Every structure is written in C-alpha cells, then in structure tokens.
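S.K.: Provide a 3D model corresponding to the input given below.
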Amino acid sequence: MREETVHSDVTVIGGGLAGVCAAVAAARLGSRVALVQNRPVLGGNSSSEVRVWVSGASASGTHRYARETGIIGEMLVENQFRNAEGNPYYWDLVVLETVLAERNIRLFLNTDVHEVEADGTADHRRIRSVTGWMSGSERKLRFESGLFIDCTGDGLVGFLAGAKYRIGREARSEYGEAWAPEQADEITLGSTLLFYTKDAGKAVKYIPPSFAKNIAETPIPLRRIIRTGDSGCHYWWIEWGGELDTVHDNERIRDELWAAIYGIWDYIKNSGGFEAEALTLEWVGAVPGKREYRRLIGDYVLTQNDILGQVPFDDRVAFGGWSIDLHPSQGMYAAESGSKHWHADGNYHIPFRSLYSVNVENMLMAGRNISASHVAFGTTRVMATCAAMGEAAGTAAALCARNDATPRELYGNRLPELLQTLLHRDASVIGLVNRDPRDLARRAVVRASSTLSAIAVEQAGEHVPLDADIGILVPVDPSLGDLELLLDAAKDTTLRVELWETGRRENYVPFRKISEASVEVRRGSLQWAAVPLSWKPVEPQNGFLIVKANASLKLWQAHSPLTGVLCFRKTERPNGNKPVQPVTEWRMKSFVRKPICFRLRGETQAYAPGKSIDGVNRPYGGPHMWISEPMRGGREEWLELEWNEPVSVREIHLTFNDDVNEYLINLHYIVTPFETMPELASDYRVEAFVAGEWAVLHRESGNRKRKRVHVVAPVATTRLRVAIERTNGCPRAELIDIRLYDRETD
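M.R.: Model prediction:
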C-alpha cells in the first residue's frame with residue numbers, strides 16, 4: 001500500500017456538478033485545489049453512469065431568462081455545440097475537460113473518502129484532513145488543506161467531521177411550511193435507476209430475469225405513464241427507498257429498482273399492449289441516482305417560505321427556479337401522483353449562510369446537502385442549481401484561503417467582496433450591480449454606431465387564433481406608448497388589451513394591472529390595430545400586455561425573435577386544491593423565438609449603449625444590454641468608450657448575449673435548431689485609438705462563448721472600441737457587458 005499526503009488550499013470532496021464547479025471556481029481564483037471523486041467519471045447524477053439530465057432554474061422551460069451562467073452555463077453552451085444529440089459520454093468529456101483545463105486542480109478519481117480528522121468541541125469544530133482509498137491503485141491518500149467543501153451529496157464529510165445535520169422532514173410547526181407534515185419523520189425522497197432503449201431494426205425477443213417484478217400486480221400500470229419509445233428521464237418515476245435509509249439500504253434499493261425496470265420492460269415487450277417488437281434495451285443503470293439524505297445545517301436554513309417569497313437575501317450568491325418538487329414516500333408503488341409541484345412566481349435566491357456549516361468552521365457545502373428544510377430542498381436539489389451553489393462555495397473558499405478567514409468571517413467582514421467577485425466571474429446571481437472600483441469602463445462615456453430605438457416585430461410568418469389570452473412582455477424604458485397589433489378580423493369586433501406590471505424585476509408574469517383599453521376593429525386581414533395605452537413607471541421595468549381572448553380575431557406571429565420581448569399563451573387549468581401558479585398558466589411553448597407581431601410607438605432606451613456598463617449582466621426588469629440596428633449589407637457595428645484622460649488598458653472582459661431564455665439540456669431531451677446561440681458575436685475585434693489611429697488589440701473569429709476575457713499588451717488610450725463584424729445568426733449586434741482593467745485580475 002502506498003500512503004501519500006496531498007497539500008492544497010482547498011479540498012473539494014465529490015465530483016458531481018456542484019463539486020466540479022466549486023473546484024473550478026476556486027482554481028480560477030488562484031487556489032490550489034484537490035478534487036476528490038469516488039467514481040471513475042465526473043458529473044454525478046448527470047454522468048454516463050446515471051444519465052439524469054441537468055435541470056435548473058429554467059424548470060424545463062417554465063421560468064423565463066432563467067438559465068444559469070458561470071461555469072455550469074459554460075458547460076451547457078459548449079455541450080450544445082459539441083453534443084447536439086445528447087450523447088452521455090460526450091457530456092462526460094465536456095465536464096472532464098472543464099476540470100483538466102485548470103492547472104490549479106489536482107483530480108483524484110476512484111477515490112472514496114471514508115475518514116475525517118477533526119477536532120474541537122461539538123459547537124466549534126475544525127477539519128484537519130480527510131483520507132480516502134483510491135481503488136485500483138492501492139493508494140491511501142490523506143488530503144490536508146485550510147478549507148474543505150463537502151459536495152458528496154450525502155453529506156458524508158460533514159457527518160464524519162461532527163457537523164450538525166438533519167435527515168427527513170421537519171414538522172410543519174418548525175418553519176411554518178404549508179407542505180411540511182404535521183409531525184417530523186425520517187422520510188426522504190427515494191432513488192432512481194434509468195434505462196435506455198433503441199430500435200434494433202429487426203424483431204428482438206426479451207426473456208425477463210427471474211427477479212423481474214410482475215408490474216401488472218402493482219399500481220404502476222394504472223398510475224404511471226408507460227409508452228413505447230420512452231426511455232431515460234421519461235422514467236424518472238422509477239423511484240423507491242423514501243421510507244428506507246437511502247445510504248445504508250442502497251444495495252437493497254438498487255435491487256428493487258432493477259426488478260422494476262426489467263419488469264417494466266417485460267410489460268412493454270411481452271404484454272401485447274405495445275408496438276415494441278424491434279426495440280431492445282441499450283443500457284440499464286447500476287448506480288442509483290440518490291435524491292436526498294443528510295442536509296448539513298448552516299447559519300441559515302432555507303425554507304419553503306423563502307422560496308415562494310423570493311426573499312432577496314443580502315448575501316444571495318446563487319438562484320434557483322425549479323418547483324418545490326416532492327414525491328410520495330412509496331415512490332413508484334404509491335397510489336397518488338409521482339410528484340407534486342409548487343412554483344414561485346420567478347427565480348428565488350440562495351443565501352451564502354446556507355453554504356457553510358454552523359459548527360465546523362472551515363467547511364462549506366454545495367449540492368443536495370446544503371442547509372435547507374426538506375420542503376425547500378425539493379427545489380434546491382436539481383443539478384444546475386447545485387452547480388451554481390458549487391461555484392459560489394468555491395469562490396468563497398478561495399477568498400477565505402486568500403484572506404485567512406473562515407466562511408463565517410467572510411460573510412461578516414467581506415461579503416461585498418464575495419458578491420462582486422461572483423458578478424465579476426459572471427456567476428448565477430440576480431439583481432447584483434457591478435461596483436468594482438477597478439473597472440475603467442464605469443468611468444467612460446459610451447456611444448455606438450447605432451442603437452435599436454424602436455420596439456417592433458413586423459415580419460408576419462403565420463397567424464395565431466386569439467382563442468385564449470395572449471401575453472406580450474416588453475421593456476418599458478422610460479415609457480410605453482400606444483400598442484399596434486397585426487391581426488385578422490373575421491367580423492367587426494372589439495379588441496381589448498390590459499397592461500400589467502410584473503412586480504419583482506426577476507418575474508415575468510402579470511402581477512398588478514396598470515390600465516386597460518379597447519378599440520373597435522373592422523373586418524379585414526393583415527391590418528394594424530392601434531390600442532391607446534401609456535405608462536411611465538418610476539424606473540425602467542418590464543410591462544406585461546394581455547391581449548384578451550376573442551374568437552373573431554387572429555394575431556400574426558413572426559419567425560424571428562427580438563431580444564427583450566417574450567410572448568405567452570394563457571392556459572386555463574383546473575386548480576382544485578393546488579396553489580395558484582402564474583408561471584404554469586402563462587406558457588411560452590408556441591412562442592419561443594416566434595413572437596407576436598406588434599409595434600410600440602415612441603423611442604426606447606432599453607438597448608442604449610450605456611446599458612453595456614450599467615453593471616447588470618443578465619435580464620432584470622429589462623434586457624440590460626446594448627443592441628444595434630440590423631447589420632444590413634454586412635455592415636459592422638461598434639460600441640465605443642471614451643475618457644477625458646488617457647487610461648491604461650491591460651485586460652478586457654466582454655459578455656455577449658447567449659439568450660439565457662433558451663432552455664438547454666445536456667442529454668437527449670431537447671435539441672435546439674442551432675448549435676451556437678445566434679445572438680452571440682462570432683467575429684469581432686477590440687481596438688484602441690493610439691497616435692491618431694485605431695490599433696487592433698485583439699481579433700476573434702468563430703466565437704461561441706458568452707464571457708470572453710482578453711489580456712493584451714498594456715496600452716494608454718482615451719478611446720476603446722469593440723467592433724462586431726458578424727454574429728452567429730442574429731441580424732443585430734448585442735453586447736451585455738464590457739469591463740476594462742489596467743492589470744490582470746483573478
């Protein structure tokens with residue numbers, strides 16, 4: 001046996017997406033990182049071993065402008081380009097290469113941590129080291145560092161270190177959560193195995209193993225959806241173990257899930273109820289995808305009320321948006337539905353205080369083991385949200401290492417530094433504003449070759465019956481003028497439109513009605529109908545226009561999008577005892593990148609050049625980006641910054657629009673019609689005005705990334721320009737953010 005000691009600044013245990021993002025974030029800030037993973041591949045439940053697709057705040061397309069940025073955003077956009085077919089092995093490579101690209105990370109695969117050395121009292125403990133065994137290499141590895149991040153999912157490191165934790169459901173009285181049970185218990189969400197099928201092109205027989213379950217004798221055929229051709233995450237409901245111990249009974253749970261899968265496949269192949277003659281099993285999982293176990297307690301416990309109230313914590317370091325998604329304890333054998341969902345009106349915020357231990361002073365946590373109640377955990381547990389929390393925890397750990405501080409001290413003394421660092425790295429945070437005093441762009445005057453000054457979608461593609469209310473979300477900056485709609489009228493009728501505000505800046509559903517107007521429309525086709533509306537809010541924000549249903553009218557729909565404009569159809573659903581959920585009533589499905597044709601009278605400042613330095617790097621009550629007029633005839637568009645006195649420029653940060661409203665998935669579920677986001681700049685150059693002429697500092701071609709950082713030879717200038725020569729398909733140049741520094745930053 002070989003025994004080794006690994007010294008690092010930060011040790012991350014767990015190589016799921018939370019651990020990967022934590023390690024990469026810390027490494028990019030200069031920390032020496034050990035990333036320890038007990039499996040042969042990275043990615044956790046998203047890996048080729050388990051094959052769960054990566055869900056997050058977008059909530060399968062329910063929430064708007066909700067896709068995560070930062071490290072998980074990089075990986076999803078790269079996977080979209082490399083892996084349109086959703087090959088799970090290609091996703092493994094995207095995750096692995098993200099880690100291998102960081103020279104500050106030492107990666108230890110197949111290394112199972114099972115010992116933790118910690119000392120102190122029950123209320124004040126400190127981890128000295130963790131020790132693991134690398135299977136196949138017969139190496140015993142001791143990891144020593146000042147900071148540890150538990151991304152094990154099961155909270156194993158925290159448990160072994162003596163961290164305070166919870167398992168199961170809290171009583172309703174503890175946090176006043178409507179979805180908590182009356183009495184506390186140890187019930188958790190169960191584990192799942194998935195299977196994939198393929199068409200063999202010929203008849204294939206199937207003889208079930210002796211241990212296969214006869215599912216005809218269970219509630220499964222009556223209560224769950226079984227369809228020919230479905231596979232993978234369509235069978236998320238193959239879940240069991242919520243009434244057991246999902247760790248100590250892991251083998252028993254796996255065996256039961258195998259018995260169910262092979263029984264379900266027997267039912268599909270041999271019951272005679274499905275056309276499945278040529279289908280065969282391609283893959284069956286062997287590693288149960290766990291949903292829930294220990295939740296490590298931090299200085300704050302996130303609750304259902306925080307989620308639904310979208311509490312804007314001062315220490316918010318990540319966001320989520322998946323519904324509170326809870327499952328019956330009997331899993332696939334339950335008589336009731338496989339899940340119940342409660343969505344907030346928009347994305348919610350996750351506080352830093354939920355990402356470090358209340359009693360282990362040098363331990364942070366990220367993933368499905370954070371400090372949250374069982375009900376709140378029902379939403380924070382999904383992988384893209386775990387990844388966003390991982391980036392926040394890794395960033396915090398690096399700052400702690402740099403400043404010789406504990407996470408609690410970082411919260412108390414250096415919280416603004418943490419928040420600004422996350423924003424600087426384009427992490428998944430909402431509502432934060434760039435306050436970086438080093439950023440030279442904040443002191444500049446900004447102008448552009450052109451600016452989109454009218455909000456209009458005019459190229460008709462197909463008509464849409466107005467058989468339900470249709471919503472149009474538009475930026476109102478500084479005011480909203482009369483609305484014009486392109487429509488067909490089967491007879492003389494009345495067109496009614498309401499104007500609503502959305503309430504919170506991160507929400508995209510109607511909240512409070514501002515005004516309404518009606519106009520008479522004569523029978524006819526392809527006519528513009530003007531509706532007298534006006535609104536000048538105290539500060540720029542989005543407006544939600546509701547065109548009321550009218551069976552005599554059809555609206556026209558375009559086949560190309562306009563950034564900042566979203567359209568919806570209202571779906572009336574029987575509510576029963578379910579909570580009102582506006583985001584599930586207003587759906588975009590038929591309007592993704594195909595908005596209603598309309599015009600707003602008057603000029604808008606929503607896309608003005610100054611938006612590129614306003615400090616907000618994602619939609620928040622408006623687009624927050626510069627957008628040019630259409631680039632007709634191959635004309636380039638530019639954004640220029642000017643200073644009264646020369647500045648020295650060394651590092652250039654550019655954030656382009658990768659349309660965070662577009663829902664991306666890492667596996668087979670959804671395929672976009674393009675490999676690269678059309679709004680991203682493809683070919684561009686950065687140039688400075690030196691000695692009376694423009695000098696090129698950097699030239700880029702074939703870009704497909706959102707955030708680009710270019711380090712150039714230092715140059716003194718009073719004018720700097722970003723010239724966008726070509727996009728990836730969008731007719732306009734779009735730039736979210738530009739930052740400039742006189743030296744290299746972390």
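S.K.: quick one: contacts for Pro209?
M.R.: The neighbourhood of Pro209, defined by Cβ atoms under 8 Å, 6 or more residues apart in numbering, consists of Tyr262. From N, CA and C alone the C-beta is placed, and that goes for glycine too.
S.K.: just checking, Gly242 touches Asp185?
M.R.: No. Gly242 lies out of contact with Asp185 (Cβ atoms under 8 Å); the separation is 10.5 Å.
S.K.: Of these two, give the one with the bigger neighbour count.
M.R.: Gly242 (22 against 15; other Cβ atoms under 10 Å).
S.K.: Ile264 versus that one, what's the distance?
M.R.: When Cβ to Cβ, to the nearest Å is applied, the distance between Gly242 and Ile264 equals 19 Å.
S.K.: before we move on, what about Asp249?
M.R.: For Asp249, the distance to Ile264 - Cβ to Cβ - is 21 Å.
S.K.: Kindly report the same for Arg699.
M.R.: From Arg699 across to Ile264, the span is 56 Å (Cβ to Cβ).
S.K.: neighbour count winner among the two?
M.R.: Neighbour totals were compared for Arg699 and Ile264, and Ile264 leads with 22 against 13 (other Cβ under 10 Å).
S.K.: Isn't that one up against Ile238?
M.R.: Yes. The pair formed by Ile264 and Ile238 meets the contact definition of Cβ under 8 Å, at 7.2 Å.
S.K.: Give the rounded mean pLDDT of stretch 693-711.
M.R.: For stretch 693-711, mean pLDDT is 98.
S.K.: Distance across it, terminal residue to terminal residue?
M.R.: Between the start and the finish of stretch 693-711 there is a gap of 21 Å, counting by Cα to Cα, to the nearest Å.
S.K.: neighbouring contacts of that stretch?
M.R.: The set of residues external to stretch 693-711 that reach it, using Cβ under 8 Å, 6+ apart, is 69, 73-74, 77-78, 81, 426, 649-658, 675-677, 680-689, 712-713, 715, 721, 728, 744.
S.K.: Please repeat the previous calculation with a cut-off of 6 Å.
M.R.: The list of residues contacting stretch 693-711 from outside it, by Cβ atoms under 6 Å, 6 or more residues apart in numbering, reads 81, 426, 651-656, 658, 676, 681-688, 712, 744.
S.K.: And for stretch 451-463?
M.R.: Contacts with stretch 451-463, where a contact means Cβ under 6 Å, 6+ apart, come from 474, 486, 488, 554, 556-559, 562, 595, 597-600, 603-604, 607-608, 627, 629.
S.K.: Can you list the buried residues in stretch 176-190?
M.R.: Of the residues in stretch 176-190, those buried by neighbour count under the rule 16 or more other Cβ atoms under 10 Å are Glu177, Trp179, Ala180, Ala184, Ile187, Thr188, Leu189, Gly190.
S.K.: Could I have the CA atoms of it written out in CSV?
M.R.: Extracted as CSV, the C-alpha positions of stretch 176-190 are listed here (Å, rounded to 0.1, in the frame of the first residue of the first chain):
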residue,chain,number,x,y,z
GLY,A,176,-44.4,27.3,9.3
GLU,A,177,-44.3,25.5,5.9
ALA,A,178,-47.6,24.6,4.3
TRP,A,179,-46.2,21.5,2.6
ALA,A,180,-44.4,20.1,5.7
PRO,A,181,-46.1,17.2,7.6
GLU,A,182,-47.8,17.7,10.9
GLN,A,183,-45.2,15.5,12.6
ALA,A,184,-41.5,15.3,11.8
ASP,A,185,-40.2,12.0,10.4
GLU,A,186,-37.3,10.5,8.6
ILE,A,187,-38.9,10.1,5.2
THR,A,188,-36.8,11.3,2.3
LEU,A,189,-37.1,11.3,-1.5
GLY,A,190,-36.2,7.9,-3.0
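S.K.: Low-confidence ranges, the stretch 501-650 of the chain, go.
M.R.: Screening the stretch 501-650 of the chain residue by residue with the criterion pLDDT under 70, one finds the ranges 573-577.
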